[in-house]
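# Sequence below, structure please.
(one chain, ligands or ions: 1)
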Amino acid sequence: QQIYLNGEFVQKHEAKVSVYDHGYLYGDGVFEGIRVYEGNVFRLREHLVRLYESAKSILLTIPYSIEELTEIIVETVNRNHLHSGYIRLVVSRGEGNLGLDPASCPKPNIVVIAEQLALFPDELYKNGIDIVTVPTRRNRSDVLNPQIKSLNYLNNILVKIEAKLAGVQEALMLNDQGYVAEGSGDNVFIIKGNKLVTPPSSAGALEGITRNAIMELGETLGFIVEEKLFTRHDVYVADEVFLTGTAAEVIAVSKVDGRVIGTGKPGEHTNRLLKAFRQLVVEDGEK
Ligand code: PLP
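Reported below is the predicted structural model:
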């Protein structure tokens, strides 16, 4: 496996950065997770725009243009002969001293990893997953905006831990007002009648690239697509519920906090959307 590290390709065991990197010391940096489908990088430009926007918001200058970073990513994919898989792109503030001030970090560390992806087991896609809501809340957008995909993922990690403690794989996070925000690393949709609804970014949902694709496909398939606040009750009484994300794609939810959703099996609309999504990812790639 060849990993891109600051202008070079190195082996995994050589891909190391300093313990003085502020990404390590403080979670100071930004990242993206991107999919490769049949040799095509799915919506690479959208991922890169989100990365540059996250970086801009935390005053981190990425020393490459989008075009240069695109080339680096494509080269990493090619060098690893990755037909289908996952790319992790990380830009950390870089090495500095122990103080908080990023002025001591003259050069960001840039890493691109391209490898196989460990998906949820197939059985979960067939049967749907059980999820719960957890105590950890989504931080408010006026504190640290959830649109910034920063290296501070403690909220999300706590959600994952709390899900596992409850005996399930995934969970929903509410915001400080009790509205549903998103999963640990996924967006959430509910279907009621012909409405396909997902929380707005103001609820604390990341504007996921899979989420965007599903909203587009939803319109094409004739749903009324809405970004609207909703509560746990709305989730419990929805016809269908599913999660979306780069890694998870589209995964049906069969139970939420012990309430069975619909028939308890992936619903027909979720299956239609998953099918349309799987078609889109192979048709819509960039390379
Ligand atoms: N929400 C959070 C907090 C995430 O980290 C991710 C993953 O990037 C998502 C949602 C899903 O977004 P995307 O579809 O762009 O992967």
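
# which element is residue 277 on?
Using DSSP states H and E, residue 277 falls within helix 268-283.

# what mean pLDDT would you report for that helix?
Taken as a whole, helix 268-283 carries a mean pLDDT of 95.

# same question, stretch 166-181
96.

# So what would you say the end-to-end distance of that stretch is?
Stretch 166-181 has its terminal residues 19 Å apart, counting by C-alpha to C-alpha, to the nearest Å.

# For that stretch, give me every contacting residue.
For stretch 166-181, the external contacting residues (C-beta atoms under 8 Å, 6 or more residues apart in numbering) are 120, 124, 129-134, 136-138, 140, 146, 155-156, 159-160, 162-163, 182-184, 186, 188, 199, 203-205, 229-232, 234-235, 243, 256. C-beta: built from backbone N, CA, C; applies to glycine.

# Mark which of these are buried, thanks.
For the contacts of stretch 166-181, a burial check counting by 16 or more other C-beta atoms under 10 Å picks out 124, 129-134, 136-138, 146, 155-156, 159-160, 162-163, 182-184, 186, 188, 199, 203-205, 229-230, 232, 234-235, 243, 256.

# how far away is the closest residue to residue 254 other than its chain neighbours from residue 156?
Leaving aside its sequence neighbours, residue 254 sits nearest to residue 128 (C-beta to C-beta, 6 or more residues apart in numbering; 3.2 Å). Look at residue 128 and residue 156: by C-beta to C-beta, to the nearest Å, they are 22 Å apart.

# Contact partners for the residue in the stretch 51-200 of the chain positioned nearest to the ligand?
Going by C-beta to the nearest ligand atom, the ligand is nearest to residue 185 of the stretch 51-200 of the chain, at 4.1 Å. Counting by C-beta under 8 Å, 6+ apart, residue 185 makes contact with 156, 160, 245, 247-248.

# pLDDT score assigned to it?
At residue 185, pLDDT is 95.

# And the contacts of stretch 52-72?
Outside of stretch 52-72, the residues within contact range by C-beta under 8 Å, 6+ apart are 4, 28-30, 44-45, 48-49, 51, 89, 91, 93, 102, 107-108, 110, 112, 145, 147-150.

# Mark which of those residues are buried, thanks.
4, 28-30, 44, 48, 51, 89, 91, 93, 102, 108, 110, 112, 145, 147-150.

# For the residue nearest to residue 254, grab the count of nearby residues.
25 (other C-beta atoms under 10 Å).

# which residues does it contact?
Residue 128 is in contact with 251-255, 261, 264-266, counting by C-beta under 8 Å, 6+ apart.

# circling back to that earlier point, quick one: what helix or strand has the residue of the stretch 51-200 of the chain closest to the ligand in it?
Using DSSP H and E, residue 185 sits in no helix or strand.

# ok, the residue in the chain positioned nearest to the ligand to residue 127 distance?
The nearest approach of the chain to the ligand comes at residue 208, 2.7 Å away (C-beta to the nearest ligand atom). Distance, residue 208 to residue 127, by C-beta to C-beta: 23 Å.

# Settle it for me: which of these two has more neighbours?
Neighbour count, other C-beta under 10 Å: between residue 208 and residue 127, residue 208 has more, with 23 against 14.
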